[in-house]
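Undergrad: take this sequence and fold it.
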Amino acid sequence: MAAIWIMLAKTRFPAKLIQTSKENGLDSVDFQFDLASDFLPEYLQRSGQRIERLANGPQEAAPHFGKIIHKSAAVKNQIQLAQRIAAHDVPVLILGETGTGKELFAEAIRAASDRSQKPFITVNCGAIAPELANSELFGHVKGAFTGATGSRKGHFQEADGGTLFLDEVGDLPPDTQVRLLRALQAKEVTPLGDSKAIKVDVRIIAATHRDLAADVASGRFREDLFHRLAVGILKLPPLREREGDVDLLIDTFLDLINADARGKPEAQDKKISLGARKILVSYPWPGNIRELYHSLLRASIWSVGEEIQPDDVRSALLQVQSQGNNVMGRSLTQGFDLQALLDEVSSDYILRALRQTGDRKTGAAHLLGFTNHQTLSNWMKRLDLEQDENKH
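TA: Residues are numbered from 1 along each chain as shown. Here you go, the predicted structure:
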């Protein structure tokens, strides 16, 4: 109580302090500090700086997000948002096209959270048969359905205390969506065939490539579940909108590919030519980062020399392009090369014409609208398209 009286006397409402003793009777005392002027301004300044820091968010990515290779502002913004979300124990919904790194973000959020040392269970909802979804997530008891010869825990119980990552959550059937909503609201699950609910402490991180808002509007996905999941929401940009990231990813992936190949028969330390790089940079990447990595891997395997050439890249992309490549929909970002795009289109049609005519230049030239096979030869020479010159 004496300490409290001293602090009160030293605030903005000063008081005279006195003490009594047998030796000196009633005495006036003082302490040589002023709480109001000496301590409060510094405290208030620190508080103001902390509020400003929290408002602006982290300026640099935490180590947990180091695996997310980027230099674009679009990804940096999502990482900063993910860092703030990680600090709050709330459900998270990650939206983005296939191959944009949704699972990588989920792992980073979990690593940066208070549940980092607890279980992390990943479930691909799109790979679960609809009739088994409830059993997989919430468990079942013996005899709950035909083939249930024993009881098993569901993924919610396996993740108790930790994090459950529901990838492609938009593919869950309607009855499972109802059970999932109940698990989020009541923090409990009821195994199939059981009447007793089990308490669970699980943080949900959900992800999907689907347009969930459109699914809600069409009735395919429950609106109440959508709002329960989308407390912390991330929208990962596609690779075609990540300015400067394709170049960075090419170099990073090529280093990984070379490292994996070292010591193996016929291994070469691959480099990439400027022409091949231009094709990769201008490509729209419908499969995003995953497609870029595997295309570069194929090109490095198929290239016979130490340097990956444009033809190696075109061959690696050919199968993807044949399934539908919208040339008119390319994103106009930094690094866009119109000439490289036109060369890519020209090469594709020339190669198709040659295949269709059995590699006969005269027939291919006619299909392409050229006046003679020499014109086609000139185009092929400019585009580095090799062919036996004896075939006409």
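Undergrad: what's stretch 188-197 in contact with?
TA: 134-135, 137-145, 148, 151, 154, 156-157, 179, 182-183, 186, 198-200 (C-beta atoms under 8 Å, 6 or more residues apart in numbering). (Each C-beta comes from the backbone N, C-alpha and C, glycine too.)
Undergrad: so how far is that stretch off the chain centroid?
TA: In terms of C-alpha atoms, centre = their mean, to the nearest Å, the centre of stretch 188-197 is set 34 Å apart from its chain centre.
Undergrad: ok, now which ones touch the nearest residue to R277 once chain neighbours are set aside?
TA: The shortest distance from R277 to any non-neighbouring residue, by C-beta to C-beta, 6 or more residues apart in numbering, is to I250 (6.4 Å). By C-beta under 8 Å, 6+ apart, the contact set of I250 is I272, R277, L280, V281, L292, L296.
Undergrad: using the three-state scheme, assign I250.
TA: With DSSP: H, G, I helix; E, B strand; the rest coil as the basis, I250 sits in helix.
Undergrad: list the buried residues in stretch 160-172.
TA: D160, G162, T163, L164, F165, L166, D167, E168, V169, G170, D171, L172 (16 or more other C-beta atoms under 10 Å).
Undergrad: and the fifth one, what are its bridge partners?
TA: Put plainly, it is F165. Note on F165: beta-bridge partners by DSSP bridges are T122, I205.
Undergrad: give the contact list for P130.
TA: Neighbouring residues of P130 by C-beta under 8 Å, 6+ apart: P173, T176.
Undergrad: and it, backbone torsions?
TA: Dihedral pair for P130: phi -50, psi -40, per degrees, to the nearest 10.
Undergrad: show me where pLDDT drops low in the protein?
TA: Where the chain drops to pLDDT under 70, the residues are 10-14, 31-62, 318-335, 386-392.
Undergrad: could you list the domains of it?
TA: Using automatic domain parsing, the domain parsing of the chain gives 1-56, 63-142+152-237, 239-335, 337-392.
Undergrad: give me whichever of the ones you listed is most buried.
TA: Greatest average neighbour count among these goes to domain 63-142+152-237 (a mean of 18), per mean count of other C-beta atoms under 10 Å.
Undergrad: surely K278 is in a strand?
TA: No. Applying three-state DSSP, one finds K278 to be helix, outside a strand.
Undergrad: what sits against the residue nearest to it when sequence neighbours are not counted?
TA: Spatial nearest neighbour of K278, excluding adjacent residues (C-beta to C-beta, 6+ apart): A340 at 4.3 Å. For A340, the residues meeting the contact criterion (C-beta under 8 Å, 6+ apart) are G275, K278, I279, V281, S282.
Undergrad: separation between the third one and L234?
TA: If I follow you right, that is I279. Distance of I279 to L234, computed by C-beta to C-beta, to the nearest Å: 30 Å.
Undergrad: end-to-end on stretch 166-185?
TA: Between the opening and closing residues of stretch 166-185 there is a gap of 17 Å (C-alpha to C-alpha, to the nearest Å).
Undergrad: list the contacts of that stretch.
TA: Residues outside stretch 166-185 that contact it (C-beta under 8 Å, 6+ apart) are 91, 93, 102-103, 106, 122-127, 130, 133-134, 137-138, 156, 188-190, 200, 202, 204-210, 212, 215, 221-222, 224-225, 228-229.
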